[in-house]
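>>> What would the 3D arrangement of this be:
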Amino acid sequence: MIKKTVNMKLTVHRSGCRGHADHGWLKTWHSFSFADYYNPDRMHFGALRVLNDDIIEAGMGFGTHPHDNMEIITIVLAGELEHRDSMGNGSVIRPGEVQVMSAGTGIKHSEFNHSAENEARLLQIWVFPDKKNVEPRYGQAKFQEAEMSGKWRTVVSPDGVDNSLWIHQQAWFSLGDFNESSTVSYQLKKTDSVVYLFLISGELEVGSETLNQRDGLCIEQIDAEIQLKISKNSKVLVMEIPA
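Just a heads-up that it's a prediction; the model follows:
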């Protein structure tokens, strides 16, 4: 039995209301305060600190820069992202692949568009860790389209369940591709979690709210399940995090 969603607290972050910067080689949209974008009402949502939606021009990228005490998740949507870090890792991340880094006591890394011809599109997400100064670590995995067709595929978790990547936080990231006119429910992993839903593409409804491509939705006071009504074919990222 699907539970009603009328008691949930919903806060919409419209795509067009995000922070935006155009650096020529980089076009970026910030769901939360980041770099030159400051919004006191959008510093973070629970343990979710950063959600950046980036387009990197061919052959361009971020030079070597440091991080510490943050869990960093990168989801490539199109193109190829080349990664190198101070732990000795070097790899190319492609669509369908997810990367995690525990910055812990400190790492340095660079990220470049691996292609000399095509742009790269990606989501980079930062989550506050549940413990500080851990040993830095890196993980990367590929998830098949069939694993998220009409269902949720957990890609990040606290414990690596179902061959997902793991981070130092009680957080679960799930991706799903859903067809028009379907109804989908998401079941909480922990009863006291909150959820940030990011609509990568498509159109859907949660409670009284309609979301379109690149809209975000803060969901609080959840009664075990969240029901989604899919209006158009949709690719959805759900981030369940501590409040």
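
>>> State the helix or strand in which the spatially most central residue of the chain lies.
Most central residue of the chain, judged by C-alpha distance to the mean C-alpha position with Cα atoms, centre = their mean, is Ile125 at 5.1 Å. Assigning secondary structure by DSSP states H and E places Ile125 in strand 120-127.

>>> Could I get the CA-only coordinates of that strand as CSV?
As requested, the backbone C-alpha atoms of strand 120-127 are provided in CSV (Å, rounded to 0.1, in the frame of the first residue of the first chain):
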residue,chain,number,x,y,z
ALA,A,120,31.3,17.1,-21.0
ARG,A,121,28.3,17.4,-18.7
LEU,A,122,28.4,16.3,-15.1
LEU,A,123,26.9,16.6,-11.6
GLN,A,124,29.4,17.2,-8.8
ILE,A,125,27.9,16.7,-5.3
TRP,A,126,29.5,17.3,-1.9
VAL,A,127,28.2,15.6,1.3
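
>>> Could you identify the helix or strand that succeeds that strand?
Downstream of strand 120-127 (by DSSP H and E), the next one is strand 137-142.

>>> other SSEs contacting that following strand?
Using 3 or more Cβ pairs under 8 Å, 6 or more residues apart in numbering; DSSP states H and E as the contact test, the elements touching strand 137-142 are strand 97-102, strand 165-166. C-beta coordinates here come from the backbone N, C-alpha and C atoms, glycine included.

>>> can you list contacts of that strand?
85, 87, 89, 91, 93-94, 96-102, 104, 155, 163-166 (Cβ atoms under 8 Å, 6 or more residues apart in numbering).

>>> That one: how far from the chain's middle?
The chain centre lies 15 Å from the centre of strand 137-142; the measure is Cα atoms, centre = their mean, to the nearest Å.

>>> For that strand, buried residues please.
Taking 16 or more other Cβ atoms under 10 Å as the basis for neighbour counts, the residues of strand 137-142 that come out buried are 137-140.

>>> Could you double-check that Phe217 sits in contact with Glu209?
One thing to correct before we go on: residue 217 is Leu, not Phe. Yes. With contact defined as Cβ atoms under 8 Å, Leu217 and Glu209 form a contacting pair (6.4 Å).

>>> Are there residues contacting both of the two? Which ones?
When contacts are counted by Cβ under 8 Å, 6+ apart, Leu217 and Glu209 are jointly contacted by 10, 12.

>>> Look at those two and report which has more neighbours.
When neighbours are counted by other Cβ atoms under 10 Å, Leu217 and Glu209 differ, and Leu217 comes out ahead with 22 against 16.

>>> Could I get the phi/psi values of the residue nearest to the more buried one when sequence neighbours are not counted?
Residue nearest to Leu217 in three dimensions, not counting chain neighbours: Leu197, with 4.4 Å by Cβ to Cβ, 6 or more residues apart in numbering. Torsion angles at Leu197 (phi, psi; degrees, to the nearest 10) stand at phi -100, psi 130.

>>> Next up, the contacts around Leu197.
With contacts taken as Cβ under 8 Å, 6+ apart, Leu197 has the following neighbours: 206, 211, 216-217, 219, 226, 236-239.

>>> hmm, 7 Å instead?
By Cβ atoms under 7 Å, 6 or more residues apart in numbering, the contact list for Leu197 reads 206, 216-217, 219, 236, 238.

>>> Now compare those and name the two farthest from each other.
Greatest spatial distance among these (Cβ to Cβ): Ile219 and Val236, at 12.4 Å.

>>> Outline the domain layout of the protein.
Per the record's domain assignment (automatic domain parsing), the chain is made up of the domains 19-142, 144-242.
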